[in-house]
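Colleague: With the input below, show me the fold.
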Amino acid sequence: MDTDSLNIVKSIGSDSVTSTKPSSFEQEQAILHFEQPKFDLEKVQLQFDLRNGLRQLLVSNNVMYIFTSTIVYRIDLSHPFDVAEIDLPGSPESSVTNAWLHPSGQFLIIQVNNTQYFHLHISYSKFKSLPRFKGLQARFVVFSESPDTSSTGDFLIATKDGNVFVAMIKSHEPATQGSKRDDKYVKNVYKTKGQIFGLSVANNNSQIQLFVDGQLLVWDCFEFVLAEITRDFRQEPTILSTAPQDANTVFLSRGQNYYIVVPETLDIYSNDEELQLSNTEKLNVGEGGILNSENSFISSAHHLIFMSSKRDSLIIVNKLTSQSPVVKNLPTFTQGTKPLGIVSDPIGNTHWLYTSNEIFELSITNESVSVWYNYYQIGDYERALRLLDASDQNSSTWFKKNVVMVKQGYDLLQKGGFGVETYNSESSDGSFENQVKGIRILSASQEPFEKVCLMLLNMHSSPENSISSNILLVEYLKVKFKNAKEVEHNKLRMVVLSSWIVRIYVELIQAVDREARLQSDAKVYGEHMANGAHESPARDFSQELNDQLDDFLSTNCKVVDSKTIYQILTDMDFSQKSLFFADILEDYEFILNQHMDEEHWSDALKVLVKMYTKDRPKASEIIYSSSTAFLINSPRETVELWLKLPTLDYERLLPAILSYNKSGNTVNYAQNPSIHFLSKLINEKSVRNPTVVNYYLTLLISYPSQEDEQQAVTKVITKTLQHIISETQSNSRKRAPYDPGFLLRLCLRFKRYQPAVLILINDMELYDAALKLALDNNLSSLAEYVLKQYDNSIFQDENGSSSAFEESENGVRVTTIKLEDEHFAMRKKLWMTYATFLIEKVCNGEKVEVLDAANLESLPPPKETKKDTVQSITSSLVNSVNGNNKDDAEALGLSKVLHYLLSLSFSGKERAPVLSLKDLLPLFPSSITISNFKEEIVNSLNLYNNSINQLSLEMQESADIAENLKKQIQDSALKEKNGTIYTIIEPGESCSLCKNLLVDRNFIVFPNCHHCFHKDCVVRFYLKSKGDYRFKKMFQAFRQTSTVADKAELDAILLKECVLCNDKNLNTLDDPLVDQEQNKAEIEEWQL
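Modeller: Numbering: from 1, shown residues only. Next comes the predicted model:
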């Protein structure tokens, strides 16, 4: 030990380590002086006169046996007035030479004249002989504890001649007591040549102890039964200790303890734990001696009580101290008698002194009141504290406990080498554990907080002791924190202590980690490095400290000041632990910010999921505010998370998507996570937020893409628009969820013509503008799509009006062919514009997309009635091309155009052709002649004639319909004139009685007054009305017989007159609204 360490130990304080007594210990000594145990003798008042004949006293389990020369008195101390008198067996000259009492008090065995044995059971009224015991020179009898009250169980007998027997006695019922023997067996199990002067059992009857000629022989016994005992005694005994060889000894067996006392030398041998703790080998009985006889001493819980050699006092010796004994002077007994002995009840823990004429109870009070101090003096602090815990709890008791704990704590610190022995991660001698245990005990005491903390902080000033002092300090503070939390409930103290504990833990972990790194470096560069690295003890201890800190934070997270803990962990660069603490508190916002600061985006997204599960509104706000950072740094994972969260406001994520696309517009559109996200929202989640849809389409339209991607992007835009438009039309919405004007301008700016055309024809219905846009950009297939869409739209609006005939109500077939279609002018204008474009392109020698791609033979043919005409016109036109044409290719191209346009105009199955030959011929160049088309022109005129005839038929049919209508009107007027009256029931008409819908049930209508009633309501009305007994009688009869006649008669009454307009109701107009008799109470309430 170096000088500095000694100085540190001395500097702790004069009353801390160098002294074991606190400054107020003298006051405690004064308290002890007045708190000594008390020993009092109280005379027992017997219900009979002993007449100076008492010979022996035995007590066990509150059953007392009093021996006289001829009688044994048995007293149950629980019922002392019930005394049983049992005559002793044998002749009057016989004497009881010894007696033994079973611990249960149920069996008494007596020895008569040294050779005969009898026993008395608690249920017996007289002694019963034990013939198997005859001749035994029994000196010691040891019973086992038996739960069976009718049997002693197996017990041991040691004789004077060195034999050991096992015997058992069993009592019987009164009816069989005389015919059955009680001594079941007596078996000799051991023989020794020496003299036996003691026999006992210990360790809960699992060890047999035999004292023979100065030796203690021990046998271990698994079960205290005959077979096991016999087997054990066949084994060689174990000699545990040397017993006194002096034959003049007094032996006492009490419970599991034995006592051997040599009265002359005052030597004592015992297995009593208290005597062994005090190392008592010789009794201090003061100036006098002790009596050398049977029943001359007893043992209590903490004292040995001896009869003095003069029989005039009791000498009381404390088992735990060698101090002078307590001498209890005995009173003067009647008739000058002397005490014969003292006995105790091992079960009832009572003590008795007896003379030949009197019995006294030795009562011991507060026996353990000063024993704690004996344990305290010998250093057995745990027992001292247990005794104090068992005593009355008051301020004095707490003061004593504090004295013990302070002394125990400092002793353990010294034993562990406090200030000298430092913490060593590789040490295994347990010295530092003693320091930890000692500091914990000090923390539970009332030792001044400042004193202990300064002691530990002074130790911390030494570098080699810094880790040790911190470990001890944190253990001390943890106990103080627990007390502040669970006992004092002091919030301020909890905050201060918890913050200090966390800071020390962090310092400890960092210091131990540095030591672990040093150990690791030493192993790497050392000469004796084994293959591969292994974990150092310092690293293991660091993990243990981390676990302790985790446990402390987890257990006390609700009582510590979280802001302070965060600040400590952050200032000391212990971010991992701050994340752990935040996770315990479920402070996900802190964890999120930490991960974002450290750019751990995957971990931050996991935290967002936890936040969303715990508090959706708050988490959603954080997602919106941090969306830009997440999308830019971890786009794919962020998008996947957004898609999994069901209740986000996607509109608030658009700024992040806008920022991402500003910074990441070089990404291929198919790999752009933001486009993928918006596509999922619109196509799979059916999000129809106009802002979201607008932005998605805007992003696609304006997305910078390569030439090979342009067509794919345009296809995606078109598909999305078609999907939304189709959904809008199927749901009968007025407008699609986007801004068509804005998107149209954007499409035109970025040359996305197909989406622009879709917007023009579906959202704005500007077919002419759409056609013009397609043709201006030489997109003939797109122009053809516009024409078809316009045709579909107008014919859908007509709802099947293209059918040639409809059936009228009277069976007359009426045609529905209109004279003029309202959309025909626009339709023809569009087709003519398209035809002009195609013809001009062909005449200019330019290629036309639709003509190159179209297979004219595969086009749908016109109607059968007109097929020949079209083909003949086309062939004639081709044949009419004369040699003046500049180029045969131009003629062939015009032929294709003509065939294409006429076939396309005939493509509708129920539609009239838009274009005819007369419409197309003016568009051809002047080089084309039509001299060969006379027949075709005639056919065309025939077609017009047929149309005129059809119109004439329609006019005739209209006249017929008018004539039919006129006739129907005349018939109706005739019926009305003949008196047929109709009553019109308006939709939603209600019953005039119950006010519910009339047509729900059978009803009655009175045409004159137009009152309408449910039939069951009218029946109910008649049943409730006064005086109409005829209807009620008929209704009862109908319910019983249900005949047709009764039903007809009831119907006649119901249809006779309106229940609201009949005479009875008219007569009640002057009646008051409130019945004077029935509503008397209600009228009184309205009295002023």
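Colleague: roughly how far out does the helix or strand hosting residue 579 sit from the chain middle?
Modeller: Residue 579 belongs to helix 575-585 when assigned by DSSP states H and E. Relative to the centre of its chain, helix 575-585 is centred 20 Å away, using C-alpha atoms, centre = their mean, to the nearest Å.
Colleague: Using PDB, write out the CA atom coordinates for stretch 396-407.
Modeller: Extracted C-alpha coordinates of stretch 396-407, given in PDB (Å, rounded to 0.1, in the frame of the first residue of the first chain):
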ATOM      1  CA  SER A 396     -34.700   3.800  19.100                       C
ATOM      2  CA  THR A 397     -34.800   0.700  17.000                       C
ATOM      3  CA  TRP A 398     -34.100   2.700  13.800                       C
ATOM      4  CA  PHE A 399     -31.200   4.400  15.500                       C
ATOM      5  CA  LYS A 400     -29.700   1.000  16.400                       C
ATOM      6  CA  LYS A 401     -30.200  -0.300  12.900                       C
ATOM      7  CA  ASN A 402     -28.500   2.800  11.500                       C
ATOM      8  CA  VAL A 403     -25.500   2.200  13.900                       C
ATOM      9  CA  VAL A 404     -25.300  -1.400  12.600                       C
ATOM     10  CA  MET A 405     -25.500  -0.500   9.000                       C
ATOM     11  CA  VAL A 406     -22.900   2.300   9.200                       C
ATOM     12  CA  LYS A 407     -20.500   0.000  10.900                       C
END
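Colleague: That stretch: which residues count as buried?
Modeller: For stretch 396-407, the buried set under the neighbour-count rule, 16 or more other C-beta atoms under 10 Å, comprises 397, 399, 400, 401, 402, 403, 404, 405, 406, 407. For glycine as for every other residue, the C-beta is placed from the backbone atoms N, C-alpha and C.
Colleague: Any chance of a markdown table for those residues, columns secondary structure and pLDDT?
Modeller: Below are those laid out as a markdown table (DSSP: H, G, I helix; E, B strand; the rest coil; pLDDT from 0 to 100):
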| residue | secondary structure | pLDDT |
| --- | --- | --- |
| 397 | helix | 81 |
| 399 | helix | 86 |
| 400 | helix | 85 |
| 401 | helix | 87 |
| 402 | helix | 89 |
| 403 | helix | 89 |
| 404 | helix | 90 |
| 405 | helix | 91 |
| 406 | helix | 91 |
| 407 | helix | 92 |
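Colleague: between the residues you listed, which is closest to residue 694?
Modeller: When those are ranked by distance to residue 694 (C-beta to C-beta), residue 405 comes first, at 77.5 Å.
Colleague: what sits against the closest residue to that closest one other than its chain neighbours?
Modeller: With sequence-adjacent residues excluded and distances taken as C-beta to C-beta, 6 or more residues apart in numbering, residue 405 is closest to residue 445, at 3.9 Å. Neighbouring residues of residue 445 by C-beta atoms under 8 Å, 6 or more residues apart in numbering: 402, 405, 406, 409.
Colleague: contacting residues for the second one?
Modeller: The neighbours of residue 405, taking C-beta under 8 Å, 6+ apart as the test, are 381, 385, 441, 442, 444, 445.
Colleague: Which single one of these is nearest to residue 757?
Modeller: Closest approach to residue 757 among the contacts of residue 405 (C-beta to C-beta): residue 444, at 88.3 Å.
Colleague: Any regions of the stretch 801-950 of the chain where pLDDT drops low?
Modeller: 801-822, 852-892, 905-913, 927-941, 943-944 (pLDDT under 70).
Colleague: circling back: tell me which two of the contacts of residue 405 sit farthest apart.
Modeller: Distance extremes for those: the farthest pair is 385 and 442 at 13.9 Å, using C-beta to C-beta.
Colleague: looking at this, residue 1040 is in a strand?
Modeller: No - counting by DSSP: H, G, I helix; E, B strand; the rest coil, residue 1040 is not found in a strand; it is helix.
Colleague: Where do the helices of the stretch 451-600 of the chain begin and end?
Modeller: 466-483, 491-525, 537-556, 562-571, 575-585, 588-597 (DSSP state H, counting those that start in this stretch).
Colleague: and residue 119, how many neighbours does it have?
Modeller: By the measure other C-beta atoms under 10 Å, the count of residues near residue 119 is 21.
Colleague: these two touch, right, it and residue 109?
Modeller: Yes - counting by C-beta atoms under 8 Å, residue 109 is a contact partner of residue 119 at 4.8 Å.
Colleague: mind giving me the domain split of the chain?
Modeller: Domain segmentation of the chain under automatic domain parsing yields 1-31+366-460, 88-243, 490-526+535-585, 586-648, 661-764, 765-980, 998-1067.
Colleague: weakest of these in terms of mean pLDDT?
Modeller: Among the domains of the chain, domain 765-980 carries the lowest mean pLDDT, a mean of 66.
Colleague: what packs against the helix holding residue 579?
Modeller: Applying 3 or more C-beta pairs under 8 Å, 6 or more residues apart in numbering; DSSP states H and E, one finds that helix 575-585 contacts helix 537-556, helix 562-571, helix 588-597.
Colleague: Quick one: these as a markdown table, columns for distance to residue 1046 and mean neighbour count too.
Modeller: Listed next are those as a markdown table, based on distance: least, C-beta to C-beta, whole Å; neighbours: other C-beta atoms under 10 Å:
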| stretch | distance to residue 1046 | mean neighbour count |
| --- | --- | --- |
| helix 537-556 | 88 | 17 |
| helix 562-571 | 89 | 16 |
| helix 588-597 | 82 | 19 |
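Colleague: closest to residue 989 out of the ones you listed?
Modeller: Evaluated over the helices and strands packed on helix 575-585, closeness to residue 989 peaks at helix 588-597, with 64.1 Å, by C-beta to C-beta.
Colleague: quick check: angle from the closest one to helix 562-571?
Modeller: On the basis of axes from the mean of the first three to the mean of the last three C-alpha atoms, to 10 degrees, helix 588-597 is oriented at 20 degrees to helix 562-571.
Colleague: Could you list every helix and strand in contact with helix 588-597?
Modeller: Where contact means 3+ C-beta pairs under 8 Å, 6+ apart, helix 588-597 is packed against helix 575-585, helix 601-614, helix 616-633.
Colleague: would you turn these into a markdown table with mean neighbour count and distance to residue 191?
Modeller: Listed next are these as a markdown table, based on neighbours: other C-beta atoms under 10 Å; distance: least, C-beta to C-beta, whole Å:
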| stretch | mean neighbour count | distance to residue 191 |
| --- | --- | --- |
| helix 575-585 | 18 | 73 |
| helix 601-614 | 17 | 81 |
| helix 616-633 | 17 | 89 |
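Colleague: so can I have TSV of those showing distance to residue 554?
Modeller: Compiled in TSV, those are given as follows (distance: least, C-beta to C-beta, whole Å):
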stretch	distance to residue 554
helix 575-585	5
helix 601-614	17
helix 616-633	24
